[in-house]
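Peer 1: Sequence and predicted structure below; questions after.
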Amino acid sequence: AQSVTQLDSHVSVSEGTPVLLRCNYSSSYSPSLFWYVQHPNKGLQLLLKYTSAATLVKGINGFEAEFKKSETSFHLTKPSAHMSDAAEYFCVVSDLETGNQFYFGTGTSLTVIP
Amino acid sequence: EAQVTQNPRYLITVTGKKLTVTCSQNMNHEYMSWYRQDPGLGLRQIYYSMNVEVTDKGDVPEGYKVSRKEKRNFPLILESPSPNQTSLYFCASSPQTGYTEAFFGQGTRLTVV
């Protein structure tokens, strides 16, 4: 069965410092993995996706994530946090077994301190 | 512009009064789904549809109905809403081929009093 665990429900960083949001997944097949961001009172926006190509994936706004099969992880990083990065972040898994159903983690709320 | 459109964006209703939240996509996607978002629980799938006239239950289907008569539309129906259905609802669509992301609507915030 597919599942996603976001290891931190809340992360606080100072502006200009690195961001690390952690995600572990379980999947019986080769998964597709996604990170979505949700700003307050907004919908979900795709940050980046892994679909069995390069393991290091670059997304929008300077975010990137690395797919590590041996660790079943897909952590999201950014070298330098900006105030506008404050939002809720969701890690999502999908695979062929589920016919394109998406399974969401419970989310990580990122706070950026000026 | 490629998009998923939900209506209404905000809705306050009373217990037991039937309501429908509409969802429409203009990308010719086969796969559509409904989620509800609750604090600390992330997004949980209510129902999904792999194509016209094909629907199936997700993880939390109780109290909801859906239909897929046309490829572009996937309405969510609450026959008799209850306060525990107060939530933020998202519709999503994606191609059926897999390995592609889902596109989300802007959300519908429903309050049942």
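Peer 2: In hand now; what should we look at?
Peer 1: Report pLDDT for residue 20.
Peer 2: In the absence of a named chain, this looks at chain A. Here, the pLDDT recorded for residue A:20 equals 98.
Peer 1: not quite, I wanted chain B
Peer 2: Confidence for residue B:20, expressed as pLDDT, is 98.
Peer 1: which residues of the chain fall in strands?
Peer 2: Using chain A. For chain A, the strands defined by DSSP state E cover A:3-6, A:10-14, A:19-21, A:23-26, A:32-38, A:44-50, A:56-58, A:64-68, A:73-78, A:87-94, A:103-104, A:108-113.
Peer 1: that's the wrong chain, I meant chain B
Peer 2: B:4-7, B:10-13, B:19-25, B:31-38, B:42-51, B:54-57, B:65-66, B:76-78, B:87-94, B:103-104, B:108-112.
Peer 1: Please render those strands as a markdown table that adds mean neighbour count to the earlier fields.
Peer 2: (C-beta placed from N, C-alpha, C; glycine too.) As requested, those are exported to a markdown table (neighbours: other Cβ atoms under 10 Å in any protein chain shown):
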| stretch | mean neighbour count |
| --- | --- |
| strand B:4-7 | 18 |
| strand B:10-13 | 13 |
| strand B:19-25 | 19 |
| strand B:31-38 | 24 |
| strand B:42-51 | 21 |
| strand B:54-57 | 14 |
| strand B:65-66 | 18 |
| strand B:76-78 | 19 |
| strand B:87-94 | 24 |
| strand B:103-104 | 22 |
| strand B:108-112 | 18 |
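Peer 1: Can you list the buried residues in stretch B:62-78?
Peer 2: B:64, B:66, B:68, B:72-76, B:78 (16 or more other Cβ atoms under 10 Å in any protein chain shown).
Peer 1: Tell me if it is near chain A.
Peer 2: No. For stretch B:62-78, no contact with chain A is found by Cβ under 8 Å from any Cβ of the partner chain; the gap never falls below 14.6 Å.
Peer 1: From start to finish, how long is that stretch in a straight line?
Peer 2: Length of stretch B:62-78, first residue to last, Cα to Cα, to the nearest Å: 10 Å.
Peer 1: near chain A, which residues of chain B show up?
Peer 2: Residues of chain B lying near chain A (Cβ under 8 Å from any Cβ): B:31, B:33, B:35, B:40-45, B:48, B:50, B:58, B:90, B:92, B:94-102, B:104-107.
Peer 1: and if we set it to 7 Å?
Peer 2: B:31, B:40-43, B:45, B:48, B:50, B:90, B:94, B:96, B:98-99, B:101-102, B:104-107 (Cβ under 7 Å from any Cβ of the partner chain).
Peer 1: on that earlier part again, in CSV: the buried residues of stretch B:62-78, plus distance to residue A:40.
Peer 2: Converted to CSV, those look like this (distance: Cβ to Cβ, whole Å):
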residue, distance to residue A:40
B:64, 26
B:66, 28
B:68, 32
B:72, 29
B:73, 29
B:74, 26
B:75, 27
B:76, 23
B:78, 26
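Peer 1: and of these, the nearest to residue A:34?
Peer 2: residue B:74 (20.6 Å; Cβ to Cβ).
Peer 1: And the pLDDT at the spatially most central residue of chain B?
Peer 2: Among the residues of chain B, the one closest to the centroid is residue B:34, at 2.9 Å (Cα atoms, centre = their mean). At residue B:34, the model reports a pLDDT of 96.
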